[in-house]
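[1] Fold the following.
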Amino acid sequence: MSGGRRRDEPPHPQHHAVANGGAAGRGSVWGKALRSDSAWHDKDEFLDVIYWFRQIIAVILGIIWGVVPLKGFVGIAVFCLINAGVLYLYFSSFQQIDEEEYGGTWELTKEGFMTSFALFLVVWIIFYTAIHYD
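    Numbers count the residues shown, from 1 in each chain. Okay, here's the model as predicted:
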């Protein structure tokens, strides 16, 4: 056993950094997310994009609702419609994915919805209270 690697030694760690989503891999997910009709080989990657887009929408709408000042059921209903509608258009028209591969339209529509709803409420309440509370 001279000169070669032993069988029980793991391969070099440099090979794992890229294979396990190194810096080069992280940028490509958002690149694919912003390009129309991208190929998604990893289903979890696409579901992560859906999840994080919902969180971004929740923060933006929470700030707008708090500044405007929108109140009550109308604000909640409009948030739900915009959140579900924008994401539906994203995955059905922009990415043109086959919804059945992900368990149907309903599975994609509800992916990360409750978390984004909670985040929206927190941001909305904070901004509304900070700006309009006497």
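
[2] And the residue lying closest to L61 once chain neighbours are set aside, how far from T115?
    Spatial nearest neighbour of L61, excluding adjacent residues (Cβ to Cβ, 6 or more residues apart in numbering): F79 at 5.4 Å. Placement of C-beta: from N, CA and C, glycine included. Separation of F79 from T115 (Cβ to Cβ, to the nearest Å): 13 Å.

[3] Kindly report the same for Y51.
    Counting by Cβ to Cβ - Y51 and T115 are separated by 7 Å.

[4] likewise G85?
    Using Cβ to Cβ, which is the criterion applied here, G85 is 18 Å from T115.

[5] cool, and S92?
    Taking Cβ to Cβ, one finds S92 at 22 Å from T115.

[6] try V78
    Taken as Cβ to Cβ, the span from V78 to T115 is 19 Å.

[7] show me what contacts the residue positioned nearest the centre of the chain?
    Centroid-nearest residue in the chain: W52, 2.0 Å away (criterion: Cα atoms, centre = their mean). W52 makes contacts with G112, as judged by Cβ atoms under 8 Å, 6 or more residues apart in numbering.
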